[in-house]
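Engineer: Provide a 3D model corresponding to the input given below.
(one chain, ligands or ions: 1)
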Amino acid sequence: MITILAGGTGSIKIIRGLASCNSNLSIISNIGDNFWFNGLYVCPDIDTCIYGLAGILDKNRGWGIKNDTFYYLNVLKVLGEESWFQIGDKDLVTHIIRTKMLSKGFSLSEIVRWIAFHQYNIQNSIIPASNVHIETRIVTNKGDMNIQEFWVKNKAKPKVLDIYYKNSEQVKCNKDALRILRSSDIIILAPANPVSSIGPILSLTQIKKELIKQRDKVIAISPIIGKKAISGPARKYLKAKGIESSCYGIAKFYSQFISKMVIDHTDANFSNEIVKMGISTFETNILMNNAKEEKRLAKFILKVMNCC
Ligand code: GDP
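Structural biologist: As a prediction, the model looks like this:
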């Protein structure tokens, strides 16, 4: 069994690749970017995973459903209501169903299972890291805001001073997440934003302890090539947390949890320093621009882990 800890746009690429090679894949999804918008509970990373596995993700945007329309959003705009967070009309249905089920007392994991399986026929388990709301908060020179307010509403313009996970230390993780970690042969940290996608999952004490115990089985894929993130605000967040923006910096950040790391072949010069932390490195092209490259990297990981 393979388990991957995942966020959104970077993560779904390798999830698709792995799912195409191995059907026994479970996903523990980031929940730190969940938030309430216009009375609806929105879970961006969970939905990216569902839409990605269902084959309906808008790959150009990296979020939402392909060929979606935005009639609802445009009407909100005309009415002067909050419309800065883009939700397409088909996507809206997911948020309405989820919010309705939450109000009826279903847990987030029950809801995700229902939507993934019944609505989209996804066979993989998608497990929210916790059923309790935790929130990644960005402290900026313009105030303390949630991640969507920073990234979407303020277009990532404010200066990032710090990042923290509100509520996470006292919160229990999802018991299914622990069960799946304990029975996995391989645990993968997706090529994701280490601070805003993997960080919130690692901030849950029980998951953190379990990964430390399972370190021998844990492999990370670098989201950084050279000093640059392939997409998104990773560099800004890493800088605010004092983490070097390189595969070495990421390896150091993950060092207590991982025993192996896949880095880009152009970053081979970092290998010696990473190995000194007790982490074996494996070099290959880590860019995934299409389905073929997603599958190739997935196969590479499975080979490294003696799984194919
Ligand atoms: P978010 O929730 O949308 O920010 O998505 P993730 O955290 O899952 O993914 C963002 C991270 O994935 C960024 O740090 C990117 O550098 C990384 N990323 C995006 N595409 C790729 C890729 O093709 N290969 C690798 N190795 N990393 C990628």
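Engineer: list the buried ones in stretch 168-178?
Structural biologist: When burial is assessed from 16 or more other Cβ atoms under 10 Å, stretch 168-178 yields the following buried residues: 168, 171, 173-174, 176-178. C-beta here means a position set from N, CA and C on the backbone, and glycine is covered the same way.
Engineer: can you give me the helices in the stretch 201-308 of the chain?
Structural biologist: Assigned by DSSP state H, counting those that start in this stretch, the stretch 201-308 of the chain shows helices spanning 205-213, 234-240, 247-254, 271-275, 291-304.
Engineer: the ligand contacts on this protein?
Structural biologist: Within reach of the ligand by Cβ under 6 Å from any ligand atom, the chain has these residues: 7-11, 13, 45, 190-193, 197, 221-223, 229-232, 234, 286-288.
Engineer: in three-state terms, label the residue of the chain found nearest the ligand for me.
Structural biologist: In the chain, the residue that lies nearest the ligand is residue 10 (2.0 Å; Cβ to the nearest ligand atom). Taking DSSP: H, G, I helix; E, B strand; the rest coil as the rule, one finds residue 10 in the helix state.
Engineer: just checking, it touches residue 194?
Structural biologist: No. Using Cβ atoms under 8 Å, residue 10 is not in contact with residue 194; the gap is 10.5 Å.
Engineer: what is in contact with the two at once?
Structural biologist: When contacts are counted by Cβ atoms under 8 Å, 6 or more residues apart in numbering, residue 10 and residue 194 are jointly contacted by residue 223.
Engineer: what's the closest non-adjacent residue to residue 144?
Structural biologist: Distances taken as Cβ to Cβ, 6 or more residues apart in numbering place residue 137 nearest to residue 144, at 5.6 Å, with adjacent residues excluded.
Engineer: for that neighbour, what are its contacts?
Structural biologist: Shown in contact with residue 137 (Cβ under 8 Å, 6+ apart): 144-147, 163-166.
Engineer: and what of residue 195?
Structural biologist: Neighbouring residues of residue 195 by Cβ under 8 Å, 6+ apart: 163, 234, 237-238, 240-241, 243.
Engineer: tell me the SS of it?
Structural biologist: Applying three-state DSSP: residue 195 is helix.
Engineer: quick check: closest non-adjacent residue to it.
Structural biologist: Computed as Cβ to Cβ, 6+ apart, the closest residue to residue 195 that is not its neighbour in sequence is residue 237, at 3.8 Å.
Engineer: still on that earlier bit, hey, what's the residue nearest to residue 144 bridged with?
Structural biologist: Beta-bridge partners recorded for residue 137 (DSSP bridges): residue 146, residue 164.
Engineer: what does the pLDDT read for it?
Structural biologist: Note on residue 137: pLDDT of 97.
Engineer: circling back: put the buried members of the residues of the chain next to the ligand into a ChimeraX selection.
Structural biologist: To isolate the buried ones among the residues of the chain next to the ligand in ChimeraX, judged by 16+ other Cβ under 10 Å, type:
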select :7,8,9,10,11,13,45,190,191,192,193,197,221,222,223,229,230,232,234,286,288
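Engineer: what about residue 17, which helix or strand?
Structural biologist: Element membership for residue 17 (DSSP states H and E) is helix 9-21.
Engineer: on that earlier part again, the residue nearest to residue 195 contacts residue 196, doesn't it?
Structural biologist: Yes. The pair residue 237 / residue 196 is scored as a contact, 5.7 Å apart, by Cβ under 8 Å.
Engineer: what residues do those two have in common as contacts?
Structural biologist: residue 163.
Engineer: list the contacts for residue 201?
Structural biologist: 5, 28, 30-32, 129, 207.
Engineer: now those in CSV, with secondary structure and pLDDT?
Structural biologist: What follows is the contacts of residue 201, written out as CSV (DSSP: H, G, I helix; E, B strand; the rest coil; pLDDT from 0 to 100):
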residue, secondary structure, pLDDT
5, strand, 98
28, strand, 98
30, coil, 98
31, coil, 97
32, coil, 97
129, coil, 98
207, helix, 97
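Engineer: show me where the stretch 1-150 of the chain has helices.
Structural biologist: Counting by DSSP H, counting those that start in this stretch, the segments of the stretch 1-150 of the chain that form helices are 9-21, 44-54, 71-78, 89-103, 108-114, 147-148.
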